[in-house]
Structures are given as structure tokens and as C-alpha cells.
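Enquirer: Structure for the following, please:
(one chain, ligands or ions: 3)
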Amino acid sequence: MTQPLFLVGARGCGKTTVGQALARTLGYAFVDTDSFLLTHTGKSVAEIVAEEGWEGFRARESDALQRVTAPATVVATGGGMVLADSNRQFMQENGITIWLHAPAQVLASRLNASPEEDQRPTLTGKGVTDEIVDVLAAREGLYRQVARHIVDATCPPDAVVEAILSALQMARAS
Ligand SMILES: Nc1ncnc2c1ncn2[C@@H]1O[C@H](COP(=O)(O)OP(=O)(O)OP(=O)(O)O)[C@@H](O)[C@H]1O
Ligand SMILES: O=C(O)C1=C[C@@H](O)[C@@H](O)[C@H](O)C1
Ligand SMILES: [Mg+2]
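Expert: Numbering: from 1, shown residues only. Ligands and ions are numbered 1, 2, ... in the order given. Model prediction:
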């Protein structure tokens with residue numbers, strides 16, 4: 001199995017953290033679309049949004065998705081990657097997409113502990129806890145629609161990696 005693996009889910013679900021560990025375990029490359037943009041533009045998400053608006057950021061992340069996708073690669077996507085139909089279609093057609101699922105309360109607690117505001121500027125103008133409730137309400141259907149596998153992302157990162165590996169193994173066996 002060398003198909004790219006796309007990790008999707010809301011801010012704080014662990015796409016970057018779990019993605020790095022998953023790639024290490026599989027001997028895959030790891031890429032993160034937010035980090036890719038930071039490296040290639042020299043600008044944080046907040047700076048891109050200040051200069052180009054969310055529309056500009058979304059166009060750049062769609063382009064990043066296509067550029068980083070390669071065999072034997074774990075791709076940690078930005079939390080809003082699923083918003084564009086074309087990105088969902090691209091992930092469905094070019095790899096295996098996994099939704100790291102966690103409730104708002106868990107996400108809010110992680111984001112409050114590690115806000116990283118340069119990479120996670122406000123989406124709605126609300127505080128972190130209220131915002132994540134709204135964002136999940138708007139996006140859960142999209143995460144569910146694009147995902148081939150849904151894993152519980154509330155346990156420690158190593159356990160999330162194990163859950164992903166066993167979902168992939170079960171799918172291969174069936
Ligand atoms: N399974 C986990 N258990 C406990 N803490 C976690 C877990 N996964 C991630 N974290 C912590 O939550 C915070 C956010 O994780 P991470 O940056 O990986 O999320 P993300 O999904 O990549 O978010 P974003 O969409 O903003 O890029 C980090 O401080 C990380 O250490
Ligand atoms: O949930 C979102 O819309 C975002 C999540 C982050 O990964 C970044 O891609 C950016 O801050 C937007
Ligand atoms: Mg991330």
C-alpha cells in the first residue's frame with residue numbers, strides 16, 4: 001500500500017501530531033499543508049489572511065494539497081481543506097482519507113492550551129470554545145463525507161496511530 005494518506009479534521013484534532021507519528025511508523029514521508037505554505041510563502045496563515053483574505057488562503061491551500069500529494073506520503077491537511085468540493089474530490093480520488101474525530105470540548109481544551117494564533121487566526125471572531133462548536137456544526141458533514149475511515153482522536157497520539165493502522169489493515173483484508 002503506497003497510496004497517499006490524507007488526515008482531515010478540525011483544528012486541534014491532531015492531524016499534524018498524529019500524522020508525523022503515523023509517517024514514522026509506516027516509513028512514509030510526512031507533509032503538512034499549513035507548514036508547506038509557511039515554508040513556501042514565508043508567511044503564517046494570519047499573514048496570508050491579512051494580505052489576501054480567507055479566499056486567498058483557501059486558494060493557496062488547494063494548490064498546496066495538489067503539490068504535496070505523492071505516493072507513500074502522509075498529508076496533514078488544514079482544518080478547512082474539506083470546504084472546497086474540488087479538494088474533497090481530489091482526496092477521494094488520489095488516496096485514502098481519514099477523519100480524526102474529537103468532540104468540541106476536547107478540541108477547545110487542546111486549542112486553549114496551545115493556541116498558535118499565527119497559524120490559527122480566528123475564523124468567526126468568536127472565542128476558541130464557541131468558535132469550535134460553530135465550525136464543527138458547519139463541517140462535520142464534510143469530514144464524514146470525504147472520509148473512508150473515521151478514528152477516535154481523543155486517545156493519546158500513539159493509540160490514534162494504532163487505530164488508523166488497524167482500520168487500514170481491516171480494509172485491505174476485506
Ligand atoms: N491525541 C492527542 N492527545 C492529546 N493531545 C493531542 C493529541 N493530538 C494532538 N494533541 C495536541 O493538540 C494540539 C493540536 O494538535 P495538532 O497541531 O496536531 O492539531 P491539528 O489537527 O494539526 O490542528 P490544525 O488544524 O490547526 O493544524 C497540540 O498541542 C498537540 O500536542
Ligand atoms: O480550520 C481551519 O479553517 C484552519 C485550520 C488550520 O489548520 C489552518 O489551515 C488555518 O488556520 C485554517
Ligand atoms: Mg496541523
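Enquirer: Contacts only, for Ala108.
Expert: Taking Cβ atoms under 8 Å, 6 or more residues apart in numbering, we find Ala108 in contact with 12, 128-129, 132. Backbone N, C-alpha and C define where each C-beta goes, glycine included.
Enquirer: That one: which element?
Expert: helix 104-113 (DSSP states H and E).
Enquirer: quick one, helices of this protein?
Expert: Under the criterion DSSP state H, helices of the chain are mapped to 15-26, 33-41, 45-68, 85-94, 104-113, 128-146, 157-173.
Enquirer: Pick the most deeply packed of these.
Expert: Greatest average neighbour count among the helices of the chain goes to helix 15-26 (a mean of 20), per mean count of other Cβ atoms under 10 Å.
Enquirer: wait, does that helix make contact with ligand 3?
Expert: Yes - judged by Cβ under 5 Å from the ion, helix 15-26 and ligand 3 are in contact via 15-16.
Enquirer: tell me the angle that helix makes with helix 104-113.
Expert: 100 degrees (axes from the mean of the first three to the mean of the last three Cα atoms, to 10 degrees).
Enquirer: on that earlier part again, include mean pLDDT when you put the helices of the chain into a markdown table, please.
Expert: Converted to a markdown table, those look like this (pLDDT from 0 to 100):
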| stretch | mean pLDDT |
| --- | --- |
| helix 15-26 | 98 |
| helix 33-41 | 98 |
| helix 45-68 | 98 |
| helix 85-94 | 98 |
| helix 104-113 | 98 |
| helix 128-146 | 98 |
| helix 157-173 | 97 |
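Enquirer: what's the spacing between the helix holding Ala108 and its chain's center?
Expert: 16 Å (Cα atoms, centre = their mean, to the nearest Å).
Enquirer: and what of stretch 34-48?
Expert: 16 Å.
Enquirer: related to what we said a few turns ago, I'd like the helices of the chain laid out as a markdown table, including distance to ligand 1.
Expert: Output for those, formatted as a markdown table (distance: least, Cβ to the nearest ligand atom, whole Å):
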| stretch | distance to ligand 1 |
| --- | --- |
| helix 15-26 | 3 |
| helix 33-41 | 5 |
| helix 45-68 | 9 |
| helix 85-94 | 14 |
| helix 104-113 | 4 |
| helix 128-146 | 10 |
| helix 157-173 | 4 |
